[in-house]
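A.B. asks: What follows is a predicted structure for the sequence shown.
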Amino acid sequence: MLADSKVATTRPLRLAHVTEAPGGGVLSYLQEAVAFQARSPDVAAVSVLGPEVNAAPIAAIDSPKLVVRTFEHRRGSVAGLLRLGRLTGSLLDDSRAEILHVHSTFAGVMARLRAAFSFRRPKVVYSPHGWAFSRTSSVRPLIVAAERLLACVTDRIVCVSHAEMADAVAEGIPASKCVVIENGIATLPAAPAVAAPKSARGGRLRVLFVGRFDRQKGFDFCLAVMARLGDAAECFAVGDYVVGPAEAQLAIPENVTLLGWRDRAEVVELYKHADLLIMPSRWEGLPIVALEAMRSGLPIFSTPVGGLRDVVVDGITGRLFELSDPETVAGMIRSVTRETLAGYAERGHRRFLERFTAERMNSETVALYRSIRDGGEAADRAAAATRVRQAESGAAPQVREQRSA
């Protein structure tokens, strides 16, 4: 019995990840997590199902343990969501995954529902990466109700920040289902180019924006700030519009250059040559972009939403601002000195090393997977052992009578 128990608790994990989110922070998270899991001796196999735009960055993780499946991305369509549920079922059947980790809201609905009715039901972990109910909208009560209901078929909900967990509990999602594992990214192989060399550089401040050009990320506010800064600063915007053409009609000031989507290596280079990162988000989980900036020694000017409150310490690693007045934020940027930015950069990099590394995030995540699986298996073994003891003592008939009562 002891030998069997030892084998059960050391058996490598079989994992599957499902997301409907194209690119962005969810993709960056998966790149970090899947690369670690594919190398880990604690993992026997890892499968990933996601939009085809995510395929190349994930498939670049060269490992015989890794299987990548994709689908054509049509965000929010009913047919697309039904297809995601069907593809999740096929993935679970083929991969024999013991842990299903679902990422983002739309996948969180369909993949969790499909897993709940799976013949070989896996343990289900859900990462919202920023609650959809954090926005103010007419469907907010419906989203809250759906998240409460789906929590019943979820073994653990991974919140990427303490703020995200507090929001969940405030909306009636059981705290017992939630665990905080803050996002993390890999450290750079060499020391980052912090802001000291930039301090000697004259000319306009270089402001960087990285993310979707959508309302959540506050790209409209970024443009309003840059319009007021004029010749005092220039902005390089990495990303594009995602949610629809209506928001693609924003006027672009002359001091803003649109760079489109860039791969992570290119963005890291851009961090090194910028003076500050602006993040005027309206809601967030814990954005990977902020951690990448800290790692590269780039100060962050952001709104105090979600996990950004844990990343940016106002006046220490960057600045926090509200979305009330673009002129106030423009004045904040206009008046900051390069020496002050250098101090923010150095302290931000130290904060990253202390708190937001991928090694810490990934170790905690795999430990969570193992505790969920092995805890469930231990409970099953204990129940089986109890039934054997009852049968040997003649108590089994009583159990059967109780079940039929």
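C.D. replies: Good, I have the coordinates. Residues are numbered from 1 along each chain as shown.
A.B. asks: If you drop the residues flanking it in sequence, what lies closest to Arg74?
C.D. replies: Gly80 (4.2 Å; CB to CB, 6 or more residues apart in numbering). Glycine gets a C-beta too; all of them are placed from N, C-alpha and C.
A.B. asks: Where does that neighbour sit: helix, strand or coil?
C.D. replies: helix (DSSP: H, G, I helix; E, B strand; the rest coil).
A.B. asks: was I right about it contacting Leu87?
C.D. replies: No: using CB atoms under 8 Å, Gly80 makes no contact with Leu87, being 10.3 Å away.
A.B. asks: re the thing from before, what about the residue nearest to Arg74, neighbour count?
C.D. replies: Gly80 has 17 neighbours, counted by other CB atoms under 10 Å.
A.B. asks: what do you get for Ala163?
C.D. replies: 22.
A.B. asks: secondary structure element for it?
C.D. replies: Secondary structure assignment for Ala163, by DSSP states H and E: helix 162-170.
A.B. asks: And Gln251, what's its pLDDT?
C.D. replies: Careful, residue 251 is Ala; it's not Gln. pLDDT recorded at Ala251 is 91.
A.B. asks: Which residue ranges of the stretch 101-250 of the chain form helices?
C.D. replies: 105-116, 140-151, 162-170, 196-199, 219-229 (DSSP state H, counting those that start in this stretch).
A.B. asks: So Ser371: helix, strand or coil?
C.D. replies: Assignment for Ser371 (three-state DSSP): helix.
A.B. asks: hang on, the earlier thing: which neighbours do Gly80 and Leu87 have in common?
C.D. replies: Phe71 (CB atoms under 8 Å, 6 or more residues apart in numbering).
A.B. asks: returning to what we had before: what's the closest of the helices of the stretch 101-250 of the chain to Ala290?
C.D. replies: helix 162-170 (13.1 Å; CB to CB).
A.B. asks: just checking, what packs against that closest one?
C.D. replies: strand 156-159, strand 178-180, helix 308-311 (3 or more CB pairs under 8 Å, 6 or more residues apart in numbering; DSSP states H and E).
A.B. asks: Enumerate the positions of the lengthiest strand in the chain that are buried.
C.D. replies: Taking DSSP state E as the criterion, the chain has its longest strand at strand 43-51. Under the neighbour-count criterion of 16 or more other CB atoms under 10 Å, strand 43-51 has Val43, Ala45, Val46, Ser47, Val48, Leu49, Gly50, Pro51 buried.
A.B. asks: now these in CSV, with distance to Gly130 and pLDDT?
C.D. replies: Listed next are the buried residues of strand 43-51 as CSV, based on distance: CB to CB, whole Å; pLDDT from 0 to 100:
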residue, distance to Gly130, pLDDT
Val43, 26, 97
Ala45, 29, 98
Val46, 24, 98
Ser47, 24, 98
Val48, 20, 98
Leu49, 20, 97
Gly50, 17, 95
Pro51, 18, 94
